[in-house]
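# The following comprises the amino acid sequence and a computationally predicted model.
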Amino acid sequence: MSWLPVIILASLVFAVLAFALKAPRSGWEAIGAALLLGLAGYVLQGSPKQPGAPKEPLERISLNAASKVAERQRMSGNPADIGNSWQVIADGMMRNGQFANAATVLRGAIEKEPKNADAWLALGNALVGHAEGNVSPSAIFAYQRAADAQPDHPGPPFFLGLALAQSGQLEQGRALWADLLKRTPPAAPWRKDLEERLSQLDAMIAGQAPGAKPPGQ
């Protein structure tokens with residue numbers, strides 16, 4: 001069998017990411033490595049002549065992946081900007097549950113702009129998504145770096161609180177949200193949503209919502 005079509009496809013994907021979408025040059029190596037790794041895996045394990053056997057993807061597509069991207073953009077005051085290549089690429093990947101690939105793109109953005117709070121925040125979300133909702137030390141580190149870069153940014157405490165609540169750490173998540181609500185201006189576009197989520201979380205903690213899922217799921 002010829003591997004030429006697969007190689008051509010990988011080359012086209014790299015060209016689109018690197019040149020058409022203008023991914024940060026510092027991230028080219030990571031993008032190329034990811035494509036080469038996938039190509040190598042296919043060469044070693046691929047059997048295109050065998051009948052298909054669909055399996056559940058390793059990374060489940062979150063029902064709220066797209067809404068989390070939109071909420072992050074709203075809290076950042078920075079809606080989707082086609083001029084921001086890392087944002088377009090990473091957000092598109094996260095909407096489709098490709099959290100590991102999104103994290104790779106975001107690491108490239110952070111290497112270029114180490115004090116970019118939005119990039120660190122998006123990386124934290126990607127790492128939580130990749131861990132299927134679990135809060136890893138690397139995700140906590142990313143949220144902390146986002147908070148350090150922009151202390152008044154509502155995103156880090158909101159998304160870390162959401163991740164903690166979804167992973168069963170209800171009290172810890174509530175503490176973050178309660179403190180954020182105190183600091184949120186009355187006219188903030190995300191305040192109403194935060195109040196509703198905090199109310200749901202309080203009901204869960206008080207045992208008033210048996211069997212309910214953590215807010216955001």
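Thanks, I have it.
# Tell me which helix or strand comes right after the helix or strand bottoming out on mean pLDDT in the chain.
None of the helices or strands of the chain scores lower by mean pLDDT, DSSP states H and E than helix 28-45, at a mean of 57. Sequence-wise, the next helix or strand downstream of helix 28-45 (DSSP states H and E) is helix 65-76.
# buried residues in whatever helix or strand comes next after that next one?
Sequence order places helix 85-95 as the next helix or strand after helix 65-76, per DSSP H and E. Within helix 85-95, the residues scored as buried using 16 or more other CB atoms under 10 Å are 85-95. For every residue, glycine as well, the C-beta is placed using N, CA and C.
# how does the chain divide into domains?
Domain ranges of the chain: 4-45, 65-205, per automatic domain parsing.
# Which of those domains has the highest mean neighbour count?
domain 65-205 (a mean of 19; mean count of other CB atoms under 10 Å).
# Quick check: end-to-end length of that one?
The first residue of domain 65-205 is 25 Å away from its last residue (CA to CA, to the nearest Å).
# so where's this structure uncertain?
Within the chain, the segments meeting pLDDT under 70 span 1-64, 78-84, 208-217.
# quick one, what contacts the closest residue to Val69 other than its chain neighbours?
Sequence neighbours aside, Asp91 is the residue nearest to Val69 in space, at 4.8 Å (criterion: CB to CB, 6 or more residues apart in numbering). Contacts for Asp91 (CB atoms under 8 Å, 6 or more residues apart in numbering) come out as 69, 73, 80, 102, 122.
# so how far is Ala163 from Asp91?
Distance of Asp91 to Ala163, given as CB to CB, to the nearest Å: 18 Å.
# just Glu113 next, same as before
Distance from Glu113 to Ala163, by CB to CB: 23 Å.
# Next: Leu170.
In terms of CB to CB, Leu170 sits 12 Å off from Ala163.
# and what of Ala131?
9 Å.
# Also Ser76?
17 Å.
# Ala142 now?
11 Å.
# Out of the contacts of Asp91, the closest to Pro156 would be?
Ala122 (11.2 Å; CB to CB).
# Could you pull up the contacting residues of that closest one?
Contact analysis of Ala122 by CB under 8 Å, 6+ apart lists 72, 87, 90-91, 94, 102, 106.
# 6 Å instead?
90, 106 (CB atoms under 6 Å, 6 or more residues apart in numbering).
# Which secondary structure state is assigned to it?
Following DSSP: H, G, I helix; E, B strand; the rest coil, the label given to Ala122 is helix.
# Need phi/psi at Gln98.
Here is the backbone geometry of Gln98 (degrees, to the nearest 10): phi -90, psi 70.
# Next, work out how far apart it and Pro151 are.
From Gln98 to Pro151 the distance is 31 Å (CB to CB).
# One more: Asn125?
In terms of CB to CB, Asn125 sits 19 Å off from Pro151.
# what do you get for Tyr143?
Tyr143 is 13 Å from Pro151, by CB to CB.
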